[in-house]
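1. sharing a model prediction with you, sequence too.
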Amino acid sequence: MNENKLKEIASMFRIEAPVKSVTPLGDGLINDTFRVTTEAGGEEYVLQRVNHHVFTDVAALQKNIERVTTHIRHKLEAAGVSDIDRRVLRLIPLKNSDMTYAEVSGDYWRMTLMIPDSQTISEVTPCTACLTGRAIGEFEAMLADLPGEPVAESIPRFHDMEFRLSQLREAVEADRAGRVAEVGDLLELISRYEDDMTWAERRYRAGELPKRVCHCDTKVSNILFDRDGDVLCVIDLDTLMPSFVSSDYGDFLRTAACTTPEDEPDLSKIGVNREIIDAFTEGYLSTATFLTPAERELLPRSIAMFPYMQGVRFLTDYLNGDTYYKIVYPEHNLVRARAQLRLFELQLGD
């Protein structure tokens, strides 16, 4: 899309002055993101095209973000926090309505105020892991009393283990790619631990385990830091949804505490960084003061649960003929599944 069209879209939002430039920002894999500057040279903005193929209900997604950011803003105001626009995202409404997104030729666009003098960090160290844990725990804590109905599921049943296992069973039965015969060892491993790994869903149905407003895509790069390395706020809120706290705790550690990429073909190289686990846990528990006894019991379980779930998802896609995840060679999803299930076994043994 050319810059003139992007300027036209950016001008639909309630910004302080005429648009001067719209340039690409970052390298996100899902949404398209742009930096917007104005002729006044003051505030800058972030313009995003929301991937409505991934997030099929954009109205519900935006309502989630509006509710959550408004609630956090009120909490910060009540606490007397200064410079609140650097501590929580601010959505920019359209010029002619209070809506926070626009539909243009079948695409969906939104705008937020750009937080100045901020940075994202991609390297996971014990320090950044601890800071991320603190930020995620505080984020969940501020939303523990969000009033009204539950937030919507931006991706239905995203971290539902029972659902992911049912998808695998369907893939095995259909055997569309004729691959089931070669993965018997993985299917046996998954079956052996199926009962243990669906513990959370059973406790939830029994009324013993709550669902919270969770971020569901926790990683260091989804935390915004100031130039001194202190946390400003949690960003990338598209995956907000009701979930178990394991969605924020276990999924972070699935990648952050693994010593190799998630598609490491040499299983002997895969290891677990206990220092990262301990640092993230320390930070998380320091702010997640709302946790119930059942949620605390879930945390160590979830360290193994999430590589198990991701292994199930990779294997399901492999059996279905690689229809969901992008691959770079024919066995890529199988390699991913084996690597994740090896990580699961290592985490299970700790």
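-> Everything's here; your move. Numbering: from 1, shown residues only.

2. just the element for C127, please.
-> helix 126-143 (DSSP states H and E).

3. list the buried residues of that helix.
-> Buried residues in helix 126-143, counted by 16 or more other C-beta atoms under 10 Å: 126, 128-143. For the C-beta atoms, the positions are set from N, CA and C on the backbone; glycine is no exception.

4. same question for stretch 188-204.
-> Neighbour-count burial for stretch 188-204 [16+ other C-beta under 10 Å]: 189-190, 193, 197-201, 203.

5. and stretch 168-180, by the same measure?
-> Per 16+ other C-beta under 10 Å, stretch 168-180 contains these buried residues: 168, 171, 179-180.

6. low pLDDT regions in the protein?
-> Along the chain, segments meeting pLDDT under 70 span 29, 350.

7. center of it - which residue?
-> Geometric centre of the chain, nearest residue: D217, 1.3 Å, by C-alpha atoms, centre = their mean.

8. looking at this, that one is in a strand?
-> No: assigned with DSSP: H, G, I helix; E, B strand; the rest coil, D217 falls outside any strand and is coil.

9. could you find the closest non-adjacent residue to it?
-> Residue nearest to D217 in three dimensions, not counting chain neighbours: T239, with 4.4 Å by C-beta to C-beta, 6 or more residues apart in numbering.

10. got phi/psi on the one you found?
-> The phi and psi values for T239, taken as degrees, to the nearest 10, are phi -90, psi 10.

11. try T289
-> Dihedral angles (degrees, to the nearest 10) for T289: phi -80, psi -10.

12. and what of V88?
-> Main-chain torsions, V88, degrees, to the nearest 10: phi -160, psi 140.

13. can you give me the distance of it to P307?
-> 32 Å (C-beta to C-beta, to the nearest Å).

14. of those two, which one has the most company?
-> Shown here are V88 and P307; by other C-beta atoms under 10 Å, P307 has more neighbours (29 against 23).

15. checking that one next. Helix, strand or coil?
-> Per three-state DSSP, the local secondary structure of P307 is helix.

16. quick one, what contacts it?
-> 254, 258, 340-341, 343-344, 347 (C-beta atoms under 8 Å, 6 or more residues apart in numbering).

17. again, only using 6 Å
-> P307 is in contact with 254, 340, 343-344, counting by C-beta atoms under 6 Å, 6 or more residues apart in numbering.

18. the buried residues of stretch 168-180: which two are farthest apart?
-> L168 and R179 (12.5 Å; C-beta to C-beta).

19. burial of the nearest residue to P210 once chain neighbours are set aside, as a residue count?
-> Excluding the flanking residues, the one nearest P210 by C-beta to C-beta, 6+ apart is T292, at 6.7 Å. Neighbour count of T292, defined by other C-beta under 10 Å: 12.

20. okay, and the beta partners of S118?
-> Taking DSSP bridges as the rule, S118 bridges to D226.

21. all helices of the stretch 151-300 of the chain, in order?
-> For the stretch 151-300 of the chain, helices defined by DSSP state H, counting those that start in this stretch occupy the ranges 161-174, 184-192, 194-197, 199-205, 246-256, 274-287, 293-319.

22. need those helices in CSV (columns: distance to D226).
-> Shown next, in CSV, are the helices of the stretch 151-300 of the chain (distance: least, C-beta to C-beta, whole Å):
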stretch, distance to D226
helix 161-174, 37
helix 184-192, 43
helix 194-197, 39
helix 199-205, 35
helix 246-256, 21
helix 274-287, 17
helix 293-319, 29
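
23. just the ones you listed: most buried one?
-> For the helices of the stretch 151-300 of the chain, the largest average neighbour count (mean count of other C-beta atoms under 10 Å) is found in helix 246-256, namely a mean of 25.

24. send me it as CSV with only the CA atoms.
-> Once non-C-alpha atoms are left out, helix 246-256 reads as follows in CSV (Å, rounded to 0.1, in the frame of the first residue of the first chain):
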residue,chain,number,x,y,z
SER,A,246,-0.7,-20.9,33.0
SER,A,247,-1.3,-19.2,29.6
ASP,A,248,1.0,-16.3,30.8
TYR,A,249,3.3,-18.2,33.0
GLY,A,250,3.9,-21.5,31.2
ASP,A,251,3.9,-20.2,27.7
PHE,A,252,6.6,-17.6,28.5
LEU,A,253,8.8,-20.3,29.9
ARG,A,254,8.2,-22.7,27.0
THR,A,255,10.4,-20.5,24.8
ALA,A,256,12.4,-18.4,27.2
